[in-house]
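Student: Got a predicted structure here, sequence first:
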Protein chains: 2
Amino acid sequence: MHSFENPIYVTRPTMPPLEEYQEMMTRLWETRWLTNNGAFHQELEARLCDYLDVEHLSLFCNATIALIVALQNFRITTGEVITTPFTFAATPHVLYWNGIQPVFCDIDPKTFNMDPARIEQLITPQTRAILPVHVYGTPCDIDAIQGIANRHGLTVIYDAAHTFGVRYHGKSLCSYGDASVLSFHATKLFSTGEGGALVTPSRACRERVDFLKNFGYADEETVIGPGINGKMNEFQAAFGLLQLKRIQAEIDHRREIDRIYRENLAGIPGITIPVEALHTQRNFAYFPILVDQTKYGISRDELHTRLRDKNVYARKYFHPLCSHYPCYAALPSANPQNLPVAERIAQQILCLPIYGTLDLSTVERISQFLGFFQKSSL
Amino acid sequence: MHSFENPIYVTRPTMPPLEEYQEMMTRLWETRWLTNNGAFHQELEARLCDYLDVEHLSLFCNATIALIVALQNFRITTGEVITTPFTFAATPHVLYWNGIQPVFCDIDPKTFNMDPARIEQLITPQTRAILPVHVYGTPCDIDAIQGIANRHGLTVIYDAAHTFGVRYHGKSLCSYGDASVLSFHATKLFSTGEGGALVTPSRACRERVDFLKNFGYADEETVIGPGINGKMNEFQAAFGLLQLKRIQAEIDHRREIDRIYRENLAGIPGITIPVEALHTQRNFAYFPILVDQTKYGISRDELHTRLRDKNVYARKYFHPLCSHYPCYAALPSANPQNLPVAERIAQQILCLPIYGTLDLSTVERISQFLGFFQKSSL
């Protein structure tokens, strides 16, 4: 089977019509207001509240700074926070930046999310909060996590980087917990180039967040605490406004891709497709599979290499586990013996290409490669 | 005297020709590469190295994150750092984010920069570094500060937010010390909307900084430490490339404004214009004055209000001192008795409008207001 002529990346941003962005720039050139709560910024915050069905949302230059501010907002600035090792580097790093020791909790083998049954044994008198991740947009076991948090007096901040537009039990997934952070990086379903947002539960909370993302300034002469610069600029906000207009088409096309992969890969021995979450309106942000070498014939790493040889850039997302990074590996909770499920999933996971402008014929062909590699390994 | 019809802000960004930005966007729409070291990003880093005459420079989403990474780069992550209270909030805040206690040092009454004669008495066994600010682009006493740093084994990181294009003793001002951070916020001489850069002394240092600003990723599977997201996106970099083409015209116009203010304000009792720094090629980023109420007749605050009544938005920059913020006011070094010069300057300072598209006739008229208020107070 022939390679693809051009590289097929795991994701690519869908660009809105260029003329529309240029029209936005014409308006920006008139106001010359490039940042600090500009007109596009205000409009995007309002539109996102509508679309996501939340009341209080603050835009950020990126999701990492939003998570840093989320923790600071609740003064989670010492002690321990329980989180997952099966996540992007930003999740444990934001704990570091707030002076917190991460405590890694093993994950559920079906959802890849933090396993609530393992959380309570990790709680100590120093625990301040739980920082779960809705991996690939699949909802965490929210009721169980909230129950534990209530019982032990812990704050719950969700890394909701993957959840744009996901609804769970009829509510926006990013409206659960004490706060949620969305990512709008170029690799995300909805993008502002770089960017992110912090969803908060009250006006007072949102106001404090808005101070903190602007150095703590409450007004020109009052600084309420050690803030940071988390401001999103107008170039980003303008792009976001145009992306948002087309988000439904983006999701619809990804749904088709998801359907094709599911149909084509279902019968391949050794390839596992995660089950679809219940009570969930999905966003099709990712298409992860698990590769079981004993049944598939070749390892995940070998499959990754063979796809790359065909010009398909699948991603080992997330590998390695955050608990393997040198800066966290020495923590007691990072011991691989405590994280057997996460260790296995990180060895088997592979995310396949999925994005709004990916040809369906390409999806068919990638599926065929996956079948072909298995057969040829027999 | 009549008010201005439209508000005159202390600064406004000079916009490059809209068509040129739209042309850059056409190129961006072709590549669809929105961030993570894109083509504009690479080009802007190279052009800035040329223009600023430095070898190693890393772009950032903003200068605050650049300063946070500068400290982390040198592992200045505990203990104390000596800095100035006469600065923007970001300067002490970046110390907080690295777990460091700021130690405030009084300033020189002529340059408004940290007074080297006061530094040594603030050094303790916990001191790790000195974080001076070249306020308004006026060079710090670099030789004295470097001498102290050498004698005591301290790192020197300059907050060079105001120094774009300033040369000192024939060298770029941002090339002194162990690292320097420039700001490209919309209010700065050179702007990328939001943005900043970290100038480092070696290839190895720059490489580590580039890892840290991208979550610590050295490659797809290796995370070298607790990084952060400090990436500048392509929308910002494109704007910067166009700004840079016209920077000389921007500086030339500001030089004219500076000259007119100096001529017109020189004779007004109670208004002091800072002396021009020796051996320095200036950038005319700011036009600060000091208001001595006993001679001028009205206070700085009253002058600020009266100008605002005329639709002129001068700025009390920097007031209040950072040592007055509630989060730092309880530090021993924040005691106003230890900072008599900074306390006085913060009460007298006012920055007048200066920017590339400010009419010279407006500058004349603002000058006349300043004379008029003094006479009318007699």
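Tutor: Arrived safely. A quick note: this is a predicted structure, and the numbers were derived from the prediction, not measured.
Student: Domain boundaries for chain A, per the record?
Tutor: Residue ranges for the domains of chain A, per automatic domain parsing: A:18-105+A:113-245, A:247-376.
Student: Give me the mean pLDDT for the longest one.
Tutor: Translated: domain A:18-105+A:113-245. Domain A:18-105+A:113-245 carries an average pLDDT of 98.
Student: Work out the gap between it and the centre of the chain.
Tutor: Here the centre of domain A:18-105+A:113-245 is set off from its chain's centre by 11 Å, with CA atoms, centre = their mean, to the nearest Å.
Student: and what of the shortest one?
Tutor: Put simply, domain A:247-376 sits 15 Å off its chain's centre (CA atoms, centre = their mean).
Student: burial count for the closest residue in space to A:R262 that isn't next to it in sequence?
Tutor: For A:R262, ignoring the flanking residues on the chain, the nearest one in space by CB to CB, 6 or more residues apart in numbering or on different chains is A:I273 at 5.9 Å. (Glycine included, C-beta is placed from N, CA and C.) Each residue near A:I273 was counted by other CB atoms under 10 Å in any protein chain shown, and the total is 15.
Student: Can you give me the pLDDT of the residue of the stretch 251-378 of chain A found nearest chain B?
Tutor: Residue of the stretch 251-378 of chain A nearest chain B, by CB to the nearest CB: A:Y325 (4.3 Å). With respect to pLDDT, A:Y325 has a value of 97.
Student: I'd like to know how many residues surround it.
Tutor: So A:Y325, with other CB under 10 Å, has 21 neighbours.
Student: Please list all residues in contact with the residue lying closest to it once chain neighbours are set aside.
Tutor: Distances taken as CB to CB, 6+ apart place B:V223 nearest to A:Y325, at 4.3 Å, with adjacent residues excluded. B:V223 makes contact with A:A89, A:C322, A:Y325, A:P326, A:C327, B:F215, B:G216, B:Y217, according to CB atoms under 8 Å, 6 or more residues apart in numbering or on different chains.
Student: one step back: can you say which of the domains of chain A is packed in most?
Tutor: domain A:18-105+A:113-245 (a mean of 21; mean count of other CB atoms under 10 Å in any protein chain shown).
Student: Turn the domains of chain A into CSV, columns for distance to B:H152.
Tutor: CSV is the format used below for the domains of chain A (distance: least, CB to CB, whole Å):
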stretch, distance to B:H152
domain A:18-105+A:113-245, 26
domain A:247-376, 29
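Student: Which among the ones you listed is found nearest to B:A334?
Tutor: B:A334 sits nearest to domain A:18-105+A:113-245 of all the domains of chain A, at 12.9 Å, using CB to CB.
Student: Relative to A:Y176, how far out is A:Y261?
Tutor: Applying CB to CB, to the nearest Å, the value for A:Y261 to A:Y176 is 28 Å.
Student: Contact residues of the stretch 1-150 of chain A facing chain B?
Tutor: Residues of the stretch 1-150 of chain A lying near chain B by CB under 8 Å from any CB of the partner chain: A:12-13, A:15, A:18, A:21-22, A:25-26, A:29, A:32-36, A:61-65, A:68, A:88-90, A:92-93, A:96-97, A:99.
Student: repeat that with 6 Å
Tutor: By CB under 6 Å from any CB of the partner chain, the residues of the stretch 1-150 of chain A that approach chain B are A:12-13, A:15, A:18, A:21-22, A:25, A:29, A:32, A:34-35, A:61-62, A:64, A:89-90, A:93, A:96, A:99.
Student: longest helix anywhere in chain A?
Tutor: Using DSSP state H to define each element, chain A has its longest helix at helix A:247-265.
Student: A:I65 contacts A:G230, correct?
Tutor: Yes: under the criterion of CB atoms under 6 Å, A:I65 makes contact with A:G230 at 4.0 Å.
Student: Helices of the stretch 201-350 of chain A, residue ranges please.
Tutor: Per DSSP state H, counting those that start in this stretch, the stretch 201-350 of chain A has helices spanning A:203-212, A:234-245, A:247-265, A:293-296, A:300-309, A:340-348. These are given in chain order.
Student: packing partners for the third one?
Tutor: Where contact means 3 or more CB pairs under 6 Å, 6 or more residues apart in numbering or on different chains; DSSP states H and E, helix A:247-265 is packed against helix A:360-376.
Student: Contacts for the helix it packs on next, please.
Tutor: Helix A:360-376 has contacts (CB atoms under 6 Å, 6 or more residues apart in numbering or on different chains) with A:M1, A:I257, A:I260, A:N264, A:L265, A:I268, A:Y296, A:G297, A:R306, A:K310, A:V312.
Student: The longest helix of chain A versus helix A:234-245: what angle between them?
Tutor: Angle, helix A:247-265 to helix A:234-245, by axes from the mean of the first three to the mean of the last three CA atoms, to 10 degrees: 60 degrees.
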